[in-house]
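Trainee: structure of the sequence below:
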Amino acid sequence: MEKIVDARGMACPQPLMHTKKALEEFDGGDIVTMVDDETAKENILRFVKSQNLEAEVEQRANEYYIRIHKPEFTGLQPQVTVERDYIIFCGSETIGRGSEELGAILARSFFYTLSEADKLPAQVIFVNSGVKLACENSPVLQYLIDLEKKGVQVLACGTCLDYYGLKDKLCVGTVSNMYTILEQLTLYPRVVTLP
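Mentor: Next up is the predicted model:
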């Protein structure tokens, strides 16, 4: 059996949401999601991998056909690793309110300290101007690269990167979407939000 999800022309995160819904409703067989955006393709592939499912991608011109193999009666269950039970949610390129200069100093200090910490988060999620920290010329870029090398997943909101014109300047982590971000925020028992 095969189910088709035509997500061409849909804005992020709709292609992923429609694919997830199809996986939840479909008992078994192949689901083929059609998208015309590379970020949507990557988001779907990451989600599929997180569910321990397999997928193949066929590119036709500027469109991607993602064939997902779903065994019968497989539920969707993301896993949280025991040793990394928290994530960090960063919505600004500075920390705290008041002086922007001081906030930038605090951000550098925080991410340096985090990169040297014994108990690391599972993920660091950047939204709004926080995405600038994962891009070229970021004062914390090396610390984020070090964290990623230690297994910390770095996610940057694709809508935010587009808004600031930075999608091609991302140097660490992966482009994500609001569906995945919301899912991660509700999945982990602890979320550390940087003010």
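
Trainee: where are the low-confidence patches of this structure?
Mentor: Scanning the chain for pLDDT under 70 picks out 72-83.

Trainee: mind listing the strands for it?
Mentor: For the chain, the strands defined by DSSP state E cover 2-6, 29-35, 54-60, 63-70, 86-90, 123-126, 153-157, 174-176, 190-194.

Trainee: which strands and helices lie in contact with the shortest one?
Mentor: The one in question is strand 174-176. On a contact count with 3 or more C-beta pairs under 8 Å, 6 or more residues apart in numbering; DSSP states H and E, strand 174-176 meets helix 38-50, strand 153-157, helix 158-163. C-beta coordinates here come from the backbone N, C-alpha and C atoms, glycine included.

Trainee: now the longest one, how far from the chain's geometric center?
Mentor: It stands for helix 38-50. 9 Å (C-alpha atoms, centre = their mean, to the nearest Å).

Trainee: please save the CA atoms from that helix in PDB.
Mentor: Provided in PDB are the C-alpha atoms of helix 38-50 (Å, rounded to 0.1, in the frame of the first residue of the first chain):
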ATOM      1  CA  GLU A  38      15.100  21.500   0.600                       C
ATOM      2  CA  THR A  39      14.600  22.600   4.200                       C
ATOM      3  CA  ALA A  40      11.300  20.800   4.300                       C
ATOM      4  CA  LYS A  41      13.000  17.700   2.900                       C
ATOM      5  CA  GLU A  42      15.700  17.900   5.500                       C
ATOM      6  CA  ASN A  43      13.200  18.400   8.400                       C
ATOM      7  CA  ILE A  44      11.100  15.400   7.200                       C
ATOM      8  CA  LEU A  45      14.200  13.200   6.900                       C
ATOM      9  CA  ARG A  46      15.400  14.200  10.500                       C
ATOM     10  CA  PHE A  47      11.900  13.400  11.800                       C
ATOM     11  CA  VAL A  48      11.800  10.000  10.000                       C
ATOM     12  CA  LYS A  49      15.200   9.200  11.500                       C
ATOM     13  CA  SER A  50      14.100  10.100  15.000                       C
END
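
Trainee: which residues are in contact with that helix?
Mentor: Residues outside helix 38-50 that contact it (C-beta atoms under 8 Å, 6 or more residues apart in numbering) are 7, 10, 12-13, 15-16, 19-20, 33, 35, 54-55, 57, 64, 66, 68, 78-79, 158, 167, 174-177, 179-180.
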